[in-house]
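Visitor: only the shape, not the letters, is given here:
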């Protein structure tokens, strides 16, 4: 099975999502609820296009051999620097085939079998986080539950579930404060100050990542709060139209962090070539969300394994053709903006 076959099988199974041959944001622009982006959908499209403008500098005057795509992060080794991004409310956005519980029960163990891990999503229904942490616990803590920026009491309840799951780490998609369906919600969700984040992180009991960083100042504030890592992300364009692409801001943010915390990035990353581009621009690893939904809806765990295998093969090929034997060899001079 190829990933294109997985996509074909997903068509008609994903509600408003068309399972396009290339998930570039054009076919679903403005569809929220649904898989699209906010407003006219410009940000999601820009995310994808920005990676395509980063060209790879081919250089095959180098030692031959199979490149090593493995990476070590958070004290664990992974087969490649790719994680499945958090997705919540799958029935609302992708149709009735799966609910959040079913989705995580497929995704989390399939990612572990493929040598990577999944970030799990959160939802207004408390059962979503309970089930997500349950799936992570069943996999020996091999996952990163992601909590929305709720009020302090709700976050404390959900972080207790994370600790019970012995999760490798936890995350907060801080930019989810801008999701239209969380506006005026009970429990409330909203922006957080550095002081509020510092309290949340101090009480977490596990390494804590802040997702939704799009500026150097935002990264600095995350470090001030004690984050173990950040995710450069504009929430796939779903919270604010008209923002820069993540590829456009990644280099300056990675330079500002300077190795003091992990730097991950998402937004429009679709292939192993995109993964190579992100690493060359300063990321330690990447998150990919929508294509993993397609993988699950198209072929379940087999779809996840198929997609991860394709990403690994594409990344290894790019490394080989640019003279990188390991991820540590990937450098800024291997790409051209």
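Guide: All right, it came through fine. As the structure is a computational prediction, the values presented were derived from the model and not from experiment.
Visitor: where in this structure is pLDDT low?
Guide: Within the chain, the stretches with pLDDT under 70 are 180-181, 183.
Visitor: where do the strands sit along it?
Guide: Under the criterion DSSP state E, the chain contains strands at 55-56, 71-73, 76-78, 82-84, 119-120, 144-147, 170-173, 208-213, 229-232, 262-265, 285-288, 335-336.
Visitor: export the ones you listed to CSV and tack on distance to residue 254?
Guide: C-beta here means a position set from N, CA and C on the backbone, and glycine is covered the same way. As requested, the strands of the chain are exported to CSV (distance: least, C-beta to C-beta, whole Å):
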stretch, distance to residue 254
strand 55-56, 18
strand 71-73, 15
strand 76-78, 19
strand 82-84, 17
strand 119-120, 20
strand 144-147, 20
strand 170-173, 18
strand 208-213, 11
strand 229-232, 8
strand 262-265, 5
strand 285-288, 12
strand 335-336, 13
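Visitor: can you get me the start-to-end distance on stretch 33-47?
Guide: Using C-alpha to C-alpha, to the nearest Å, one end of stretch 33-47 lies 20 Å from the other.
Visitor: just stretch 64-73 next, same as before
Guide: Comparing the first residue of stretch 64-73 with its last one, the separation is 26 Å (C-alpha to C-alpha).
Visitor: and stretch 23-33, by the same measure?
Guide: Stretch 23-33 has an end-to-end distance of 17 Å (C-alpha to C-alpha).
Visitor: before we move on, what about stretch 60-80?
Guide: One end of stretch 60-80 sits 22 Å from the other (C-alpha to C-alpha).
Visitor: can you give the contact residues for that stretch?
Guide: Stretch 60-80 is touched from outside by 81, 114-117, 142, 168-169, 207, 228, 262, 275, 284-285, 308, 311-312, 315-316, 319-321, 323-327, with contacts defined as C-beta atoms under 8 Å, 6 or more residues apart in numbering.
Visitor: what about those residues, which are in helices?
Guide: 275, 308, 311-312, 315-316, 319-321 (DSSP state H).
Visitor: buried by neighbour count, from the contacts of stretch 60-80: which ones?
Guide: Of all the contacts of stretch 60-80 considered here, the ones buried according to neighbour count by 16 or more other C-beta atoms under 10 Å are 81, 114-117, 142, 168-169, 207, 228, 262, 275, 284-285, 308, 311-312, 315-316, 319-321, 323-325, 327.
Visitor: about what we covered before: out of the ones in helices among the contacts of stretch 60-80, which two sit at the greatest distance?
Guide: Within the ones in helices among the contacts of stretch 60-80, 308 and 321 form the most distant pair, 20.7 Å apart (C-beta to C-beta).
Visitor: ok, now which ones touch residue 315?
Guide: Taking C-beta under 8 Å, 6+ apart as the contact definition, residue 315 lies against 67, 69, 80, 272-273, 275-276.
Visitor: distance of it from residue 74?
Guide: Computed with C-beta to C-beta, to the nearest Å, the distance linking residue 315 and residue 74 is 20 Å.
Visitor: over to residue 61?
Guide: Residue 61 sits 36 Å away from residue 74 when distances are taken as C-beta to C-beta.
Visitor: if you count what's nearby, which of the two comes out ahead?
Guide: Under the neighbour definition other C-beta atoms under 10 Å, residue 61 and residue 74 were set side by side, and residue 74 has more, 16 against 5.
Visitor: against residue 62, how distant is that one?
Guide: For residue 74, the distance to residue 62 equals 30 Å [C-beta to C-beta].
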